[in-house]
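Enquirer: The following block contains a protein sequence and its predicted model.
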Amino acid sequence: MKKLKLDKEESVILKSFEKGEWKPAKNLKRETMEHQQYARNTLKKDRRVNIRISSKDIERLQTFAIEDGIPYQTLMSSILHRFVTGRLVETKR
């Protein structure tokens, strides 16, 4: 089996787990349902936005979306979400 390389944060979590510092939730089903609702509320698309974008930029976004196998509006939404949450990372294509 291939050995996984963990980053610093993952290593800390693994060591904590191996020391037995993690305890199961008292009511796992309720906890799971609560966190699923948090995720739904966080990802809920409840506002519409209209913006003007150059044709060239739209065409490039559509190309990237096709390469990723997703609709281009989903890609645009994902990019904006990652930007506002501070998780947008620039990479070369």
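Expert: Yep, it's here.
Enquirer: Tell me who's in contact with the residue nearest the centre of the chain.
Expert: Geometric centre of the chain, nearest residue: Arg82, 7.4 Å, by Cα atoms, centre = their mean. Each residue near Arg82 by Cβ atoms under 8 Å, 6 or more residues apart in numbering is listed here: Leu88, Val89. The C-beta positions use only the backbone N, C-alpha and C, and glycine is treated the same way.
Enquirer: Distance check, it against Lys19.
Expert: Distance, Arg82 to Lys19, by Cβ to Cβ, to the nearest Å: 33 Å.
Enquirer: Counting neighbours, show which residues of the longest helix seen in the chain come out buried.
Expert: Counting by DSSP state H, the longest helix found in the chain is helix 28-43. Within helix 28-43, no residue counts as buried by 16 or more other Cβ atoms under 10 Å.
Enquirer: Can you give the contact residues for that helix?
Expert: Contacts of helix 28-43 (Cβ under 8 Å, 6+ apart): Ala25.
Enquirer: Could you give me the buried positions within the very next helix or strand once past that helix?
Expert: Later in the chain than helix 28-43, the nearest helix or strand by DSSP states H and E is helix 55-68. By 16+ other Cβ under 10 Å, the buried positions in helix 55-68 come out as Leu61, Ala65.
Enquirer: Please save the CA atoms from helix 55-68 in PDB.
Expert: What follows is helix 55-68, C-alpha atoms only, in PDB (Å, rounded to 0.1, in the frame of the first residue of the first chain):
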ATOM      1  CA  SER A  55     -16.800  37.600 -24.400                       C
ATOM      2  CA  LYS A  56     -13.200  36.500 -24.400                       C
ATOM      3  CA  ASP A  57     -13.300  35.900 -20.600                       C
ATOM      4  CA  ILE A  58     -16.600  34.000 -20.900                       C
ATOM      5  CA  GLU A  59     -15.100  31.800 -23.600                       C
ATOM      6  CA  ARG A  60     -12.000  31.000 -21.500                       C
ATOM      7  CA  LEU A  61     -14.200  30.200 -18.500                       C
ATOM      8  CA  GLN A  62     -16.300  27.900 -20.600                       C
ATOM      9  CA  THR A  63     -13.200  26.200 -21.900                       C
ATOM     10  CA  PHE A  64     -11.900  25.700 -18.300                       C
ATOM     11  CA  ALA A  65     -15.300  24.400 -17.300                       C
ATOM     12  CA  ILE A  66     -15.400  21.900 -20.100                       C
ATOM     13  CA  GLU A  67     -11.900  20.700 -19.100                       C
ATOM     14  CA  ASP A  68     -13.200  20.200 -15.600                       C
END
